[in-house]
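J.: here are the coordinates; sequence isn't available:
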């Protein structure tokens with residue numbers, strides 16, 4: 001039974017926005033960075049120091065972790081297993097590493113949804129949200145598009161001209177999952 005939707009795509013493509021349209025409670029992942037203003041531990045991320053995240057990974061408590069901008073981000077295995085066991089629905093935004101691990105470990109429970117948008121639109125989205133690492137995030141655009149093509153079970157064209165169709169697809173996906 002598919003009960004986890006994992007969104008994969010370049011920075012600024014709209015993964016988190018589509019995740020919010022889906023409306024399922026997101027899987028809370030781990031981060032070694034400090035909380036930003038308004039972020040709540042356990043709601044936005046589980047905040048921990050770098051050593052704790054590395055220790056959790058070595059002990060088999062994390063499915064995977066990725067380093068970005070000097071910080072570690074990881075996915076807890078227990079939260080995914082509890083979700084699968086409960087047969088409830090959830091979602092997560094992942095990078096290629098996370099998508100590969102989810103597909104290999106939980107192939108019948110996870111649907112990888114690739115989200116793509118033109119480079120220039122991703123750039124505008126990152127600038128509009130006042131991201132401080134626009135250049136760094138866009139430097140991996142081609143690699144992220146290649147990962148979407150390789151790993152996704154379905155791909156959504158989330159360009160500005162296709163936005164309404166993208167949100168409709170997510171709503172239809174949700175209805176289909178809940179009837180399945």
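T.: Happy to help now that I have it. The structure presented is a predicted model; accordingly, all values stated were derived computationally and were not measured. Numbering: from 1, shown residues only.
J.: Contacts for the longest helix that the chain contains next, please.
T.: The longest helix of the chain (DSSP state H) is helix 163-179. When contacts are defined by Cβ atoms under 8 Å, 6 or more residues apart in numbering, helix 163-179 is touched by residues 2-3, 5, 14, 18, 21-24, 89, 111, 113, 115, 156-158. All C-beta atoms are positioned from the backbone trio N, CA, C, and that covers glycine.
J.: again with stretch 24-39
T.: The contact list for stretch 24-39, computed with Cβ under 8 Å, 6+ apart, reads 4-5, 19, 41-50, 52-53, 56, 62, 65, 69, 71-76, 79-80, 83, 89-93, 174.
J.: In helices, which of the residues you listed appear?
T.: 19, 50, 52-53, 56, 79-80, 83, 174.
J.: how about these, which pair is most distant?
T.: The widest separation within the ones in helices among the contacts of stretch 24-39, taken as Cβ to Cβ, falls between 50 and 174 and amounts to 35.9 Å.
J.: Specify which residue of the two has the higher count of neighbours.
T.: In this view residue 50 and residue 174 are compared by other Cβ atoms under 10 Å, and residue 174 has more residues nearby, 17 against 14.
J.: Stretch 25-39: which residues count as buried?
T.: By neighbour count with 16 or more other Cβ atoms under 10 Å, stretch 25-39 contains the buried residues 26-33.
J.: contacting residues around residue 96?
T.: Residue 96 touches 8, 143-144, 147, 150-151, counting by Cβ under 8 Å, 6+ apart.
J.: How far off centre is stretch 147-157?
T.: Distance, stretch centre to chain centre, for stretch 147-157: 13 Å (Cα atoms, centre = their mean, to the nearest Å).
J.: which of the residues in that stretch are buried?
T.: 147-148, 151-152, 155-157.
J.: so can I have TSV of those residues showing secondary structure and distance to residue 178?
T.: Formatted as TSV, the buried residues of stretch 147-157 follow (DSSP: H, G, I helix; E, B strand; the rest coil; distance: Cβ to Cβ, whole Å):
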residue	secondary structure	distance to residue 178
147	helix	28
148	helix	25
151	helix	24
152	coil	21
155	strand	22
156	strand	19
157	strand	24
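J.: got the buried residues of stretch 25-39 as TSV, with pLDDT and distance to residue 178 columns?
T.: Converted to TSV, the buried residues of stretch 25-39 look like this (pLDDT from 0 to 100; distance: Cβ to Cβ, whole Å):
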residue	pLDDT	distance to residue 178
26	95	17
27	96	18
28	95	22
29	96	24
30	97	28
31	97	30
32	97	35
33	94	34
